[in-house]
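Asks: sequence first, then the predicted structure:
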Amino acid sequence: MASWRRMTVDDIPSLLRVADAVHPDLPESDYVFTERVKVFPKGCLILSDKDNKIYGYAISHPIRRGQPPALDSLLHEIPVDANQYYIHDVAILPELRKRGHAAEGTRMLLEVASRFPTTCLVSVYGTGSFWNRFGFEEEVVDEALSEKLRNYGDDAVYMSRNNLAAS
């Protein structure tokens with residue numbers, strides 16, 4: 001039985017195998033994941049079994065409103081004036097999908113996000129209906145954000161939710 005736990009830097013090699021399987025067209029380097037764990041560990045989770053086999057991961061962190069990082073880019077640090085929470089990714093291998101793990105991991109991230117007025121994400125692979133269940137709605141974006149979204153694929157949609165209204 002798999003469950004969510006806090007991610008460590010030691011998880012990165014196995015996490016990359018999951019990322020490559022789930023997001024073959026959206027590759028990110030190991031240094032991106034390593035940095036996320038170091039700069040905001042409470043926003044990084046691993047889905048693993050009792051033998052520590054990794055089946056999924058979740059990455060999230062605070063940002064300035066409407067300014068998610070570009071794909072495969074470093075943060076360097078969390079902005080001191082961060083006023084929005086960003087869910088970068090919730091990825092689960094196909095063999096463990098449809099068992100409630102994504103919803104459980106999302107609820108854990110939203111608990112961390114609750115101190116921010118809003119949470120945002122980039123929905124890919126037509127997952128908008130999953131995110132709608134948590135109160136996320138598609139948002140109109142400016143040209144700068146639209147340019148970032150192009151790197152996520154033609155179906156990428158920027159979504160956000162009001163954390164205060166969802167409480």
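Replies: Everything's here; your move. Residues are numbered from 1 along each chain as shown.

Asks: check the gap between the residue lying farthest from the centre of the chain and residue 96 for me.
Replies: Counting by CA atoms, centre = their mean, the extreme residue of the chain relative to its mean C-alpha position is residue 51, 24.3 Å from that point. Counting by CB to CB, to the nearest Å, the gap between residue 51 and residue 96 amounts to 14 Å. All C-beta spots, glycine's among them, are computed from the backbone N, C-alpha and C.

Asks: residue 106 now?
Replies: Distance of residue 106 to residue 96, given as CB to CB: 15 Å.

Asks: so if I had to pick from the two, which one is more boxed in?
Replies: Neighbours were tallied for residue 106 and for residue 96 using other CB atoms under 10 Å; the higher tally belongs to residue 106 (22 against 15).

Asks: now for whichever helix or strand residue 147 is part of, which elements pack on it?
Replies: Element membership for residue 147, per DSSP states H and E: helix 143-150. Under the contact definition 3 or more CB pairs under 8 Å, 6 or more residues apart in numbering; DSSP states H and E, helix 143-150 sits against strand 157-162.

Asks: counting by contacts, list what the strand it packs on packs against.
Replies: When contacts are defined as 3+ CB pairs under 8 Å, 6+ apart, strand 157-162 sits against strand 118-123, helix 128-132, strand 137-138, helix 143-150.

Asks: which SS class is residue 46?
Replies: When the structure is split into helix, strand and coil by DSSP: H, G, I helix; E, B strand; the rest coil, residue 46 lands in strand.

Asks: what residues are up against the closest residue to it other than its chain neighbours?
Replies: For residue 46, ignoring the flanking residues on the chain, the nearest one in space by CB to CB, 6 or more residues apart in numbering is residue 7 at 4.6 Å. Residue 7 is in contact with 15, 37, 41, 44, 45, 46, 57, counting by CB atoms under 8 Å, 6 or more residues apart in numbering.

Asks: phi first, then psi, for residue 7.
Replies: Here is the backbone geometry of residue 7 (degrees, to the nearest 10): phi -80, psi 150.

Asks: and what of residue 34?
Replies: The phi and psi torsions at residue 34 (degrees, to the nearest 10) take the values phi -60, psi -40.

Asks: you'd agree it is up against residue 8?
Replies: No - taking CB atoms under 8 Å as the definition, residue 34 is not a contact partner of residue 8, at 10.2 Å.

Asks: return the worst-scoring helix or strand of the chain on mean pLDDT as PDB; C-alpha atoms alone will do.
Replies: Lowest by mean pLDDT, DSSP states H and E among the helices and strands of the chain is helix 163-166, with a mean of 79. What follows is helix 163-166, C-alpha atoms only, in PDB (Å, rounded to 0.1, in the frame of the first residue of the first chain):
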ATOM      1  CA  ASN A 163      -8.400  29.400  -0.800                       C
ATOM      2  CA  LEU A 164     -10.500  31.600   1.500                       C
ATOM      3  CA  ALA A 165     -13.700  30.700  -0.400                       C
ATOM      4  CA  ALA A 166     -12.800  27.000  -0.400                       C
END
